[in-house]
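**Student:** Here is a sequence together with a model predicted from it:
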Protein chains: 2
Amino acid sequence: MADILRFPAPEPLWRDVLGEKLRAARTGRGETLTDTAARAGISPQYLSEIERGRKEPSSEMIAAVAGALGTSLVDLTSEVAEHLRGARDQTGAKDQRGAMLLAA
Amino acid sequence: MADILRFPAPEPLWRDVLGEKLRAARTGRGETLTDTAARAGISPQYLSEIERGRKEPSSEMIAAVAGALGTSLVDLTSEVAEHLRGARDQTGAKDQRGAMLLAA
């Protein structure tokens, strides 16, 4: 367990966190994959894969989906940064607890 | 001119702003493309294309280059968000000036 604490988990990947934020934006609007995908000009299957981090969306695709959701790249990148900061701080707190346990 | 002001420029693309931030991080460390690319395990040509927004880097590639530069996805996404916010606020200020000119 000390070894696990000594090597904190790597950061999540960009497409995984982005996908989560896109899904949250869509469900927050009460929309189905079909609704949003139609406005973004892509298939619901493809949007679903983006949301689950299975496909790496191009920058143009990110802009199209953001536009379809009434959001923007600035808001999405801010949300991703905030999410990663939260994840990092949690890991840091865990490491600190581990260090305290080891020191005790 | 009024028409230009009425339709603000679209947001820059993710890969363009990300590329700028990666280049700034590398040059800030006083490194050549060859130095950084070697540590990231990619060719200097490919890194150069990423920095200029010519290639869409995968999430794994972003993580590798960030790691090679001693930075992280949380820092990069924060910088990209800040950059886009600055660009948006400038456009907003320009629009407001335009609106004031039109109203005068």
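**Tutor:** In hand now; what should we look at? Numbering: from 1, shown residues only, chains lettered A, B, ... in the order given.
**Student:** C-alpha only now, for contacts and for neighbours.
**Tutor:** Will do.
**Student:** can you list the residues of chain A near chain B?
**Tutor:** Within chain A, the residues that sit near chain B (C-alpha under 8 Å from any C-alpha of the partner chain) are A:11, A:13-15, A:56, A:58-60, A:63, A:72-75, A:77-78, A:80-82, A:84-85.
**Student:** Now restrict these to buried residues only.
**Tutor:** Buried subset of the residues of chain A next to chain B (neighbour count, 16 or more other C-alpha atoms under 10 Å in any protein chain shown): A:13-15, A:56, A:58-59, A:63, A:72-74, A:77-78, A:80-81, A:84-85.
**Student:** so what pLDDT did residue A:95 get?
**Tutor:** pLDDT recorded at residue A:95 is 53.
**Student:** now swap in residue A:9 and tell me
**Tutor:** 72.
**Student:** Give me the three-state assignment for it.
**Tutor:** Three-state assignment for residue A:9 (DSSP: H, G, I helix; E, B strand; the rest coil): coil.
**Student:** quick one: contacts for it?
**Tutor:** Residue A:9 makes contacts with residue A:91, as judged by C-alpha atoms under 8 Å, 6 or more residues apart in numbering or on different chains.
**Student:** Against residue A:63, how distant is it?
**Tutor:** 30 Å (C-alpha to C-alpha, to the nearest Å).
**Student:** low-scoring pLDDT stretches of chain A, where are they?
**Tutor:** Filtered on pLDDT under 70, chain A yields the residue ranges A:1-8, A:92-104.
**Student:** what about 90?
**Tutor:** A:1-10, A:87-104 (pLDDT under 90).
**Student:** All the helices of chain A, residue numbers only.
**Tutor:** Using DSSP state H, the helices found in chain A span residues A:2-6, A:14-28, A:33-40, A:44-51, A:59-68, A:73-103.
**Student:** sorry, back to before: just the closest of the buried ones among the residues of chain A next to chain B to residue A:26, please.
**Tutor:** residue A:72 (13.0 Å; C-alpha to C-alpha).
**Student:** Isn't the closest one up against residue A:63?
**Tutor:** Yes - using C-alpha atoms under 8 Å, residue A:72 is in contact with residue A:63, at 7.1 Å.
**Student:** Just give me the residue right at the centre of chain A.
**Tutor:** residue A:17 (1.3 Å; C-alpha atoms, centre = their mean).
**Student:** Tell me which residues touch it, please.
**Tutor:** Contacts of residue A:17 by C-alpha under 8 Å, 6+ apart are A:53, A:80, A:83.
**Student:** For residue A:85, which non-adjacent residue is spatially closest?
**Tutor:** residue B:74 (6.2 Å; C-alpha to C-alpha, 6 or more residues apart in numbering or on different chains).
**Student:** Would you confirm that residue A:52 contacts residue A:14?
**Tutor:** No - contact criterion C-alpha under 8 Å: residue A:52 and residue A:14 do not qualify, at 11.7 Å.
**Student:** rewinding a little: tell me which of the contacts of residue A:17 is nearest to chain B?
**Tutor:** Among the contacts of residue A:17, residue A:80 lies closest to chain B (C-alpha to the nearest C-alpha), at 7.0 Å.
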